[in-house]
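>>> here is a sequence together with a model predicted from it:
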Amino acid sequence: MKLKSLMLGAAASFALAPAAFAERGSDGDVKIIYWQAPSILNPFLSGGTKDVESASMIIEPLARYNEKGELVPWLVNEVPTVSNGGVSEDLTKITWNITPGIKWSDGSDFTSEDVKFTYEYCTDPEGGCAQLTKFEGVTSVETPDAHTVIVTFDKPTPNPYGPFVGGESPILQKAQFASCMGAAASTCTEQNFNPIGTGPFVVTEFKPNDVITMKANDNYRDASKPAFATVTFKGGGSAAASGTAVMETGEFDYAWNLQLAPDVIAKMEAGGKGKPVAGFGPLLERIMLNNTNPSADLGPDERSVVGPHPFLSDPAVYKAMSMAIDRNLLVEIGYGQAGRVSCSWVPAPAAFAVDIEGCDVQDIEGAKAMLDAAGIVDTDGDGIREKDGVKLSILYQTSTNAVRQDFQALIKEWWSEIGIETELRNIDASVFFGGDAGSPDTFQKFYADVEMYANTFNGTDPQAYLGNGLCDKAPKPSSQWQGENISRFCSEEFDAIHAELSQTADMAKRAELAQKLSLMAYEEGAMIPLVHRGRLSAHSNTLGGVQLNVWDSELWNVADWYRIK
Amino acid sequence: MLTYAIRRLILSIPTLLFISFVIFMLLQLAPGDPMAQVPLTVPPEVKQKMREALGVGQPPLVQYWKWLVQVFWIEPQVLIDYLFGTDFSEGKQRVISWQTRSPVMDIVIQRIPQTLSVVGVAYVVAILIAIPIGIYSAYRQYSVFDQAGTFVTMIGFSVPPFFTGPLLIVIFSVQLGWFPSIYDTTHVVTDWASFKLQLQQMIMPVMVLALQITAQLSRYMRASMLDNLGQDYVRTARAKGLSESIVVLQHVLRNSMIPVVTVIALGIPSIFGGAIITENVFKVNGIGQLLLTWLFANDLPGVMTLTFIFAVLIVLFNLIADILYGLLDPRIRYD
Amino acid sequence: MTDTIAPIEALQDKEPQKPPRSRSKDVWDQFRKHKGAMFGLFFLVLITLAVLVGPFLWDADPQKIDIRNKNMRPIYTAIWDSTAKVGWHKPLGSDQLGRDQLAQLLSGGRASMAVGWAAMILSLFIGTAIGVAAGFYKKLDGLLMRTTDLFLALPVLPLLLLAVTLFRQPLRANFGPEGGMFILIVTIIAITSWMPTARIVRGDILAIKEREFVLAAHSIGTVPGKVIRRHLLPNVLSPILVSAALGLATAIITESALSFLGVGFPSDFPTWGKMLADAVVRMEEYPERVLLPGIAISLTVLSVNYLGDGLRDALDPRIRGR
């Protein structure tokens, strides 16, 4: 019931979107709250979502993704494709045509030189640019004239929309940042806190880790936008407190990323001052299965480095573990309208998602039967099964987060029903997700049998993300425990299919290969997918024009926001 | 006493150097990574490059030396430049936060007003309430006032601010709508109306903090007064006909102040340290919230500098407390 | 009539026959007269018995998830709200995963009381020992107080994370997952909370050791150890007892904060502090989930506080017998 009414509420808010457009600055102040406070307004130096999104109100990319995940032109006339001649036939060149007349907020002209400078700024070897992957494979950026940018790649690139596309890759002004190249990047406090941009707003004051005040950009390309004259962008607190401020007290207009249990959200919505909106990107909550042996008896060079795992390598074990999980209940308890049952490693975009049968039903009896059939039974009568004399006793770790701890408790219960013993551990997120090679508790080190977290990718192309299953990406001591193949999954067939994917340009074929890889990860014991997670934010009833976008910055269309009167 | 104070002041320099070294090594050894908050979509190689750009991989002693030079040599120059308009610090590397890429001291100074206006006010309010409560509770031991005071203060102390804070928000912001639940750090007091607004946004965090501090202070005050009220000198003073107010407020109070002075001296540095939980609950975003953010972001220069300022204050106020002991009780000798 | 000389009233022994009384009996008699202290003792015994024996009487598993009976209200809610979801099988209701609140409260109390007492006593012991040594022996003062400054200045969070990195594995291996965690938690709370006690005790000792009775004790050749035990410690007892009550509250609350960092007990192992912290987001709909553990903590702390008051009065010879 509640779920349904929430969905209707979300749908209604989309329907309300088109409304009267007033003149610039006529709607006063809009107040936005992010429970993680922005630290810097230069996304190239931070990479944190809070910083990228707050900066997206000020600086903009050439093209970006809309709420449906489609590319839309932003500072250019059209998105270059092979069919309109913008992308060369051999997929190594892309040509952007900048819309003439765009001005920086200081009144100077926006030119192709600025775009080229942004490339040079980020790729400077001493700069430590967080968005370096956006420029992977780029050999040169040329500017034949003030409105043309040609990006050349070192090899055919089926998805050439990395550089200058999306909130992570906005354009910086050359005049402002010219002295901030390389090692000087971090000394440019003034520039990093007050970037000159083409976006709808300009910074009036930035207090790092606290609050940003902005005002409408006088030189914004659309004379009637933005509707708001000023923005107060507050940071800090907790998700619960920011939800309260929007939906219960009405002090703020927009609250970002409310990771709260559905009953808590429903209670806040009952406050009547605002409503939640949800959208789905490719974020997947999953349990990673350790394919190596994490036993504490092994030395540091072998623990979680050499396989196989004493019992998790047996398909009967991990399949039974997956069957014992009631994913519908997990969604209901943990995410509500911001969650869906999915067993696909890449759950979105829809073309890449794979539908796995039996994913949405819990089958405790089937799981027991499967273990029994594999000869994994309880021989000593303590209620815990053994495989070859090794007890099925699992250490299950994750980061500290109310919903994850509820999930841990539920899954522990289900696994105990099929005769698997579980010990729970939760670790502070700043340690768990930190790459400190000295800590035993990082998710890369994986000194546990299974661990739960969520991961996603930017944009709409999963090729690089699926590369997280390649053999050579496994974290190990020689690489300072760096590497994205957390489960240490290794299959020659997987590597071969991924290599094929990286050379395929045809969309249908790409989707088919990606689905195959997703399926392999599930079938061959890299992970147990749990929930396809959405993004849930909230806006006040008087704020119009919000279109939640999970493919780009949430504040992508802030220029179109207005006050409902 | 003067020679003692001077000796202690001189001695505090090596003490602080040692403390800073221990803190630095602790931060180095503790697990943590400044890249922990960068999304998983950024690959490890890029994170490694970002770390190198921050200078994370340098040997700890080199980093420590750099930090020492920046704090003790360059930052004072910046201060002189700011005060006298000179340019000694031109082009020199200040202590830069890893998270915000800006000078740590600038952010700290930005945070001081809200921390002082909330935590500082709470402390003053608490002292003003706690000392009379403590004195009167002890003077009228087991009276209704004493019992009620004990009850309220002990309950106040045993419920944590992460509960009282949200509780106040539910009552006064959500239900009654009297006070804002989010502190506006950009608010400037210019006239009566804006002053009223400032009071409204201060009142809840100040209440939560003052409750905790009052509870603690008034208990020590009461216990110490009780110890002294039974002493022989009190009987003597009464016997020679001194009025009760002189006996209690001059003789007994002065002798009972030692533990209270200790507790206050321990508390004043924590005003500057901010109140981590309370600041976070009410979004006051003072120094406590800054420290918490930097701790979670593993911003080593930021945490190091903040903790060091904190250490300086601790050493300083404990020295002041030691001198006050001597003034309160001339029998205490240090030489 | 034989004339017996009546003794002068004032010189008459009023109670000549009573045998001499021992000090401990005196103390106990005085203690019994203190109403607050007796209440404190009563509740403390009650709570201790409840958490020790309770789990055997109410043998529901506190970690057992019962999703069909989630979000139940305590049975007394039915008095004013007949539509509330209540049931005798969950007398104090259940949480969002259907775990029994009464069972959680009882077994959570066990952990909280154990951690609270152990950490408080350890911290008092360290604090008092350092405070007395620094106050009494002038040579140690500088070193010990600068150490105190150091500990006051250390940032707690990195310290905790470092302690976990270094000690969790060995402690777990030697004392099992729960025992090892218990030792780690208690030690961590104690070593981060002894400093105020040490400073307060030292301040008082500095003043008291200059009093005449201490000089007298020295002059008759009392050894320093005995001066500390017989003359100094009894006179700094009251701030120590205040620290005890405050320290217990701090320890119980701090334990819950530790589990957020992954330093505490596993997430499904209930303690009062953790129950309180977890329930804060739902305090409007389910106020009992914050109130019950909150009351349990407050009651324990209040009991210890009154107990301390009574003990202080009873041990003070100037008050005793008056």
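That came through, no problem. Numbering: from 1, shown residues only, chains lettered A, B, ... in the order given.
>>> okay, now the unreliable bits of the chain?
Unless you meant another one, I'm taking chain A. By pLDDT under 70, the low-scoring segments of chain A are A:1-22, A:186.
>>> actually, chain B is the one I wanted.
B:273-274, B:335.
>>> so which residue is smack in the middle of it?
What sits nearest the mean C-alpha location of chain B, by C-alpha atoms, centre = their mean, is B:Ser270, with 1.5 Å.
>>> chain C contacts on the stretch 1-150 of chain B?
Neighbours of chain C within the stretch 1-150 of chain B, by C-beta under 8 Å from any C-beta of the partner chain: B:11, B:15, B:18-19, B:22-23, B:26-27, B:29-32, B:142, B:147, B:150. The way it works is simple: take the backbone N, C-alpha and C, and place the C-beta from them, glycine included.
>>> how about the nearest residue to the residue nearest to the centre of chain B, chain neighbours excluded?
B:Val119 (7.8 Å; C-beta to C-beta, 6 or more residues apart in numbering or on different chains).
>>> just to be sure, that neighbour is in a helix?
Yes - applying DSSP: H, G, I helix; E, B strand; the rest coil, one finds B:Val119 inside a helix.
>>> that one and A:Val211: what is the separation?
Here the criterion is C-beta to C-beta, to the nearest Å. By it, B:Val119 lies 19 Å from A:Val211.
>>> again, but for C:Lys138
According to C-beta to C-beta, C:Lys138 and A:Val211 sit 52 Å apart.
>>> neighbour-wise, which of those two wins?
Neighbour count, other C-beta atoms under 10 Å in any protein chain shown: between C:Lys138 and A:Val211, A:Val211 has more, with 22 against 13.
>>> okay, and the beta partners of the spatially closest residue to that one that is not a sequence neighbour?
Among residues not flanking A:Val211 along the chain, A:Lys234 sits closest, at 5.1 Å (C-beta to C-beta, 6+ apart). Counting by DSSP bridges, A:Lys234 is bridged to A:Ile33, A:Val211.
>>> give me the number of residues near A:Lys234?
Neighbours around A:Lys234, by other C-beta under 10 Å: 29.
>>> look up how far A:Gly545 lies from it.
20 Å.
>>> now do A:Ser399
According to C-beta to C-beta, A:Ser399 and A:Gly545 sit 34 Å apart.
>>> ditto for A:Trp345
In terms of C-beta to C-beta, A:Trp345 sits 34 Å off from A:Gly545.
>>> and the two? which has more neighbours close in?
Neighbour totals were compared for A:Trp345 and A:Gly545, and A:Trp345 leads with 28 against 20 (other C-beta under 10 Å).
>>> the more buried one touches A:Leu284, doesn't it?
Yes - between A:Trp345 and A:Leu284 a contact is recorded at 6.6 Å, counting by C-beta atoms under 8 Å.
>>> can you tell me the residue of chain B closest to chain A?
Closest contact between chain B and chain A, by C-beta to the nearest C-beta, is at B:Ala53 (2.5 Å).
>>> tell me the contacts of that residue?
Going by C-beta atoms under 8 Å, 6 or more residues apart in numbering or on different chains, B:Ala53 touches A:Glu126, A:Gly127, A:Gly128, A:Ala183, A:Ala185, A:Ser186.
>>> if we use 7 Å, what do you get?
Counting by C-beta atoms under 7 Å, 6 or more residues apart in numbering or on different chains, B:Ala53 touches A:Glu126, A:Gly127, A:Gly128.
>>> nearest to chain B among those residues?
Among those, A:Gly128 lies closest to chain B (C-beta to the nearest C-beta), at 2.5 Å.
>>> now the closest one: how far from B:Met50?
Distance from A:Gly128 to B:Met50, by C-beta to C-beta: 4 Å.
>>> same thing with C:Pro177?
From C:Pro177 over to B:Met50 (counting by C-beta to C-beta), the distance is 36 Å.
>>> residues in contact with the helix or strand C:Asp149 falls within?
Following DSSP states H and E, one finds C:Asp149 within helix C:138-153. Identification of contacts with helix C:138-153 by C-beta under 7 Å, 6+ apart yields B:15, B:19, B:22-23, B:307, B:310-311, B:314-315, B:318, C:130, C:133-134, C:195, C:198-199.
>>> which helices and strands does the one helix or strand C:Gly203 maps to pack with?
Using DSSP H and E, C:Gly203 maps to helix C:195-208. Contact analysis of helix C:195-208 by 3 or more C-beta pairs under 7 Å, 6 or more residues apart in numbering or on different chains; DSSP states H and E lists helix B:253-273, helix B:300-328, helix C:101-136, helix C:138-153, helix C:237-260 as its packing neighbours.
>>> can you pull the contacts of B:Met304?
B:Ile23, B:Phe24, B:Leu27, B:Trp67.
>>> want to throw the residues you listed into JSON lines with neighbour count and secondary structure?
Below are the contacts of B:Met304 laid out as JSON lines (neighbours: other C-beta atoms under 10 Å in any protein chain shown; DSSP: H, G, I helix; E, B strand; the rest coil):
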{"residue": "B:Ile23", "neighbour count": "22", "secondary structure": "helix"}
{"residue": "B:Phe24", "neighbour count": "20", "secondary structure": "helix"}
{"residue": "B:Leu27", "neighbour count": "24", "secondary structure": "helix"}
{"residue": "B:Trp67", "neighbour count": "18", "secondary structure": "helix"}
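>>> and of the residues you listed, the nearest to chain C?
Nearest to chain C among these is B:Leu27, at 5.4 Å by C-beta to the nearest C-beta.
>>> list the contacts for the closest one?
Going by C-beta under 7 Å, 6+ apart, B:Leu27 touches B:Leu300, B:Val303, B:Met304, C:Pro158.
>>> so which residues make contact with stretch C:73-81?
Against stretch C:73-81 from outside (C-beta under 7 Å, 6+ apart): C:Ala84, C:Lys85, C:Val86, C:Trp88, C:Pro91, C:Leu92, C:Gly93, C:Glu288.
>>> around chain B, pick out the residues from the stretch 101-250 of chain A.
A:126-128, A:130, A:132-133, A:186, A:189, A:192-193, A:207-211, A:213, A:234, A:236-237, A:241, A:244-245, A:248-249 (C-beta under 7 Å from any C-beta of the partner chain).
>>> just the ones of those in strands?
A:Lys207, A:Val211, A:Thr213, A:Lys234 (DSSP state E).
>>> weed out the non-buried ones from the contacts of B:Ala53.
Buried residues within the contacts of B:Ala53, defined by neighbour count using 16 or more other C-beta atoms under 10 Å in any protein chain shown: A:Gly127, A:Gly128.
>>> which of the contacts of B:Ala53 are close to chain C?
Among the contacts of B:Ala53, none lies close to chain C by the criterion of C-beta under 7 Å from any C-beta.
>>> just to revisit the earlier point, by neighbours, which of the residues of the stretch 1-150 of chain B next to chain C wins?
Busiest of the residues of the stretch 1-150 of chain B next to chain C [other C-beta under 10 Å] is B:Gly32, holding 28 neighbours.
>>> A helix includes that one, no?
No - counting by three-state DSSP, B:Gly32 is not part of a helix but coil.
>>> which residue sits closest to it, ignoring its sequence neighbours?
B:Asn298 is the one closest to B:Gly32 (C-beta to C-beta, 6+ apart), at 3.7 Å.
>>> you'd agree the one you found is up against B:Ala30?
No - the pair B:Asn298 and B:Ala30 does not pass the contact test of C-beta atoms under 7 Å, sitting 8.6 Å apart.
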